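S.K.: following is a predicted model, sequence given first.
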Amino acid sequence: MKHIPRKRFGQHFLIDQGIIEGIVQAIAPRAGQAVVEIGPGLAALTQPLVERLGHLTVIELDRDLAQQLRGHPQLTVVESDVLKVDFVALAGVGAQKLRVVGNLPYNISTPILFHLLDAVDVIEDQHFMLQKEVIDRMVASPATSDYGRLSVMLQWRYAMENVLFVPPQSFDPPPRVDSAVVRMVPHAQPAPVDSMLLSEIVRVAFSQRRKLLRHTLGRWLEARQWSGVFDLQRRAEEVPVDDYLALALKLG
């Protein structure tokens, strides 16, 4: 029976064989690796992955799709909302870190990225299909319009690159946006900052991105009675990631 894509799950199924092969090449899975796929859907990516791996864990929210996937002997199916999955527990006590892959639902892609940030210590790398505009924000440099909270928070913990462009016609139904695949590799020695503190600094800084920081972050620092040195005569988008990290370290 043909599966009808469900809008509320943001389902767009990958059908372009050339793109699928390109994604698998970018991931370069090897037998025995611990890989988790988010949103396997109709198994377009799942099948070539499991052929190379021997076994694959998949996370699928759609009950009908999860039921179909359970018929595959080489899959472990976790039927759940990915935002409720404990990736640290999924990694278990094994010596291997997780490789996480998937065509992320576009309506909740940013929350998924932040959810995985909490489990970054048990992750080897991540390869995700996302809206191209989201990836542009993830990998953006300072002093560009795409640079923002997402850029700072993710660049703190990951080295990232856009590895593949994916046009709308690669999907059924085609989305109204261009897509791309991002590779995310956790930094071996990230700055040891408090993630909640950094998140708050960045949220305040970008709350009014057109204003100079003295109007936003400056007042926030005053309220904390902080008297250190930080150039507030800049806009939030002009401040490099390392400057935000240095401030978080001083405040922590």
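M.R.: Alright, I've got the coordinates. Because the structure is predicted, anything quoted here is derived from the model rather than measured. Residues are numbered from 1 along each chain as shown.
S.K.: all contacts plus neighbour counts: C-alpha atoms, from now on.
M.R.: Noted.
S.K.: any idea how far the spatially most central residue of the chain is from residue 62?
M.R.: Note on the chain: the residue nearest the mean C-alpha position is residue 113, at 3.3 Å, using C-alpha atoms, centre = their mean. Distance, residue 113 to residue 62, by C-alpha to C-alpha, to the nearest Å: 20 Å.
S.K.: repeat for residue 146
M.R.: 33 Å.
S.K.: same check on residue 166?
M.R.: Using C-alpha to C-alpha, one obtains 24 Å as the distance from residue 166 to residue 62.
S.K.: have a look at the two and say which one is more surrounded.
M.R.: residue 166 (22 against 18; other C-alpha atoms under 10 Å).
S.K.: strands of this structure, residue ranges please.
M.R.: 13-14, 35-38, 56-60, 75-79, 98-103, 123-131, 158-166, 171-172, 179-186 (DSSP state E).
S.K.: of all those strands, which lies closest to residue 50?
M.R.: When those are compared for distance to residue 50 using C-alpha to C-alpha, the nearest one is strand 56-60, at 5.8 Å.
S.K.: output the contacting helices and strands for the closest one.
M.R.: Applying 3 or more C-alpha pairs under 8 Å, 6 or more residues apart in numbering; DSSP states H and E, one finds that strand 56-60 contacts strand 35-38, helix 46-53, strand 75-79.
S.K.: quick one, the longest one and strand 56-60 angle?
M.R.: It refers to helix 46-53. Helix 46-53 and strand 56-60 are oriented at 160 degrees to each other (axes from the mean of the first three to the mean of the last three C-alpha atoms, to 10 degrees).
S.K.: give me the number of residues near residue 140?
M.R.: Neighbour count for residue 140, taken as other C-alpha under 10 Å: 19.
S.K.: residue 16 now?
M.R.: Neighbour count for residue 16, taken as other C-alpha under 10 Å: 16.
S.K.: for residue 45, see how far away it is.
M.R.: Taking C-alpha to C-alpha as the measure, residue 16 falls 10 Å from residue 45.
S.K.: hang on, the earlier thing: and the strands of the chain as a markdown table, adding mean pLDDT and distance to residue 198?
M.R.: What follows is the strands of the chain, written out as a markdown table (pLDDT from 0 to 100; distance: least, C-alpha to C-alpha, whole Å):
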| stretch | mean pLDDT | distance to residue 198 |
| --- | --- | --- |
| strand 13-14 | 82 | 36 |
| strand 35-38 | 96 | 27 |
| strand 56-60 | 95 | 30 |
| strand 75-79 | 95 | 32 |
| strand 98-103 | 96 | 25 |
| strand 123-131 | 96 | 21 |
| strand 158-166 | 96 | 15 |
| strand 171-172 | 85 | 37 |
| strand 179-186 | 96 | 17 |
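S.K.: which of the ones you listed sits closest to residue 223?
M.R.: Nearest of the strands of the chain to residue 223, taken as C-alpha to C-alpha: strand 158-166 at 31.3 Å.
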